[in-house]
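Chemist: Let me see the structure of the following:
(one chain, ligands or ions: 1)
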Amino acid sequence: MSTAKKDYKRVTVKSLTEMKANKEKISMLTAYDYTMAKIVDGAGIDVILVGDSASNVMAGHETTLPITLDQMIYHASSVIRAIYRALVVVDLPFGSYQSDPKEALRSAIRIMKESGGHAVKLEGGKEVKESIKRILHAGIPVMGHLGLTPQSIYKFGTYTVRAKEEEEAKKLKEDALMLQKVGCFAIVLEKVPAMLAKEVSESLTIPIIGIGAGNGVDGQVLVTHDMLGMTHEFNPRFLRRYLNLYTEMTNAFQQYVADVKSLDFPNENEQY
Ligand code: KIV
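Modeler: Sure, this is the predicted structure:
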């Protein structure tokens, strides 16, 4: 089931600009390991994000802050080994790019060299402009991330919708324009009003990928474990669950326990 307008053998940053120009929506999902990435890539997803949400989903941390550059490289290199088609974007983790542009470049180079990722993503606007420019000058594609930026959760205090007020919306629009001007190839807009996201998308030529940002943008991203229903305590309004794997997997594990206890497993055909 594909509604792609053009068959991309390999998705590149240029393909994404082309998709926006051709009004073809961009699909993006997260992956942090080989097996999941292989399924996601095989299903025809355009962009795989090795998100720092791995900190929550894979490691069980409350926030994205604790994950390290080494851990991101480990996840990204596992994903890269599975990929044939998708563009793989890797999050620069908290603390790896905020202090100064040289450190940002060193971190981005480590990701590109050691994981084989195709691009990096980082959070923020004008505060990180010089870091973004430095990374771009080295030939590394950069995806921006505005709106709810989880690495700043302790500044925001909550995970509620961002940029509802005029002042924050104005800054977001200025930041988005700046990200395009310096050369970012796309921007993730997280949890902002749909009208604002649409306005940003319509005013820029680079693709805007939304999460909780309505359908007036150029593509959508979700955390794979959430959309598969493997996680079940996180229920934001924007999340559509395509499966309820939490229940399905729990049932399977319970059945296995019962089968082992009752000597039903393994049966004669399942032994040598
Ligand atoms: O880390 C992540 O998964 C993300 C998405 C929520 C966009 O940044």
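
Chemist: Could you say which helix or strand holds residue 209?
Modeler: When elements are assigned from DSSP states H and E, residue 209 belongs to strand 208-211.

Chemist: Mind listing the strands that strand pairs with, and their directions?
Modeler: Strand 208-211 pairs in its sheet with strand 186-190 (parallel), strand 219-222 (parallel), by DSSP bridges.

Chemist: right, and the helix or strand after the first one?
Modeler: When you say that, I think you mean strand 186-190. Using DSSP H and E, the helix or strand that follows strand 186-190 in sequence is helix 194-203.

Chemist: Next, the buried residues of that next one.
Modeler: By 16 or more other Cβ atoms under 10 Å, the buried positions in helix 194-203 come out as 196-201. (Each C-beta comes from the backbone N, C-alpha and C, glycine too.)

Chemist: and which of the residues you listed is nearest to the ligand?
Modeler: Distances from the ligand to these, taken as Cβ to the nearest ligand atom, are shortest for residue 197 (13.4 Å).

Chemist: Skip the chain neighbours and tell me the closest residue to residue 247.
Modeler: residue 229 (7.5 Å; Cβ to Cβ, 6 or more residues apart in numbering).

Chemist: scratch that, residue 172 is what I was asking about
Modeler: residue 163 (4.7 Å).

Chemist: so that neighbour touches residue 175, yeah?
Modeler: No: between residue 163 and residue 175 there is no contact under Cβ atoms under 8 Å: 10.2 Å.

Chemist: picking that back up, tell me which of the strands paired with strand 208-211 sits most buried.
Modeler: Of the strands paired with strand 208-211, the one with the most neighbours on average (mean count of other Cβ atoms under 10 Å) is strand 186-190, at a mean of 27.

Chemist: what's the offset of that one from the middle of its chain?
Modeler: With Cα atoms, centre = their mean, to the nearest Å as the basis, strand 186-190 stands 9 Å off its chain's centre.

Chemist: Would you mind listing the outside residues contacting that strand?
Modeler: Residues outside strand 186-190 that contact it (Cβ atoms under 8 Å, 6 or more residues apart in numbering) are 13, 16, 26, 121, 143-150, 162, 176, 179-180, 197, 200, 204, 206-213, 217, 221.

Chemist: Could you confirm whether that strand reaches the ligand?
Modeler: Yes: contact of strand 186-190 with the ligand (Cβ under 6 Å from any ligand atom) involves 188, 190.

Chemist: Start the count at 56 instead of 1 going forward.
Modeler: Renumbered: residue one is now 56, and that last one reads strand 241-245.

Chemist: would you list every one of the strands in this structure?
Modeler: Along the chain, counting by DSSP state E, strands occupy 81-85, 102-105, 142-146, 174-176, 197-202, 241-245, 263-266, 274-277.

Chemist: List the contacts of the residue of the chain found nearest the ligand.
Modeler: For the chain and the ligand, the shortest gap (Cβ to the nearest ligand atom) falls at residue 106, measuring 2.4 Å. Shown in contact with residue 106 (Cβ under 8 Å, 6+ apart): 85, 87, 146, 176, 278.

Chemist: So which of these reach the ligand?
Modeler: Among the contacts of residue 106, the ones lying near the ligand by Cβ under 6 Å from any ligand atom are 85, 146, 278.

Chemist: Look at residue 69 and say how many residues are nearby.
Modeler: As a burial measure, residue 69 scores 12 neighbours (other Cβ atoms under 10 Å).

Chemist: Can you pull the residues of the protein lying near the ligand?
Modeler: Within the chain, the positions near the ligand by Cβ under 6 Å from any ligand atom are 85, 104, 106-108, 146, 243, 245, 266, 276, 278.

Chemist: now these as a markdown table including pLDDT and distance to residue 294?
Modeler: Below are the residues of the chain next to the ligand laid out as a markdown table (pLDDT from 0 to 100; distance: Cβ to Cβ, whole Å):
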| residue | pLDDT | distance to residue 294 |
| --- | --- | --- |
| 85 | 99 | 13 |
| 104 | 99 | 16 |
| 106 | 98 | 15 |
| 107 | 98 | 18 |
| 108 | 98 | 13 |
| 146 | 98 | 19 |
| 243 | 98 | 16 |
| 245 | 98 | 12 |
| 266 | 98 | 9 |
| 276 | 98 | 12 |
| 278 | 98 | 8 |
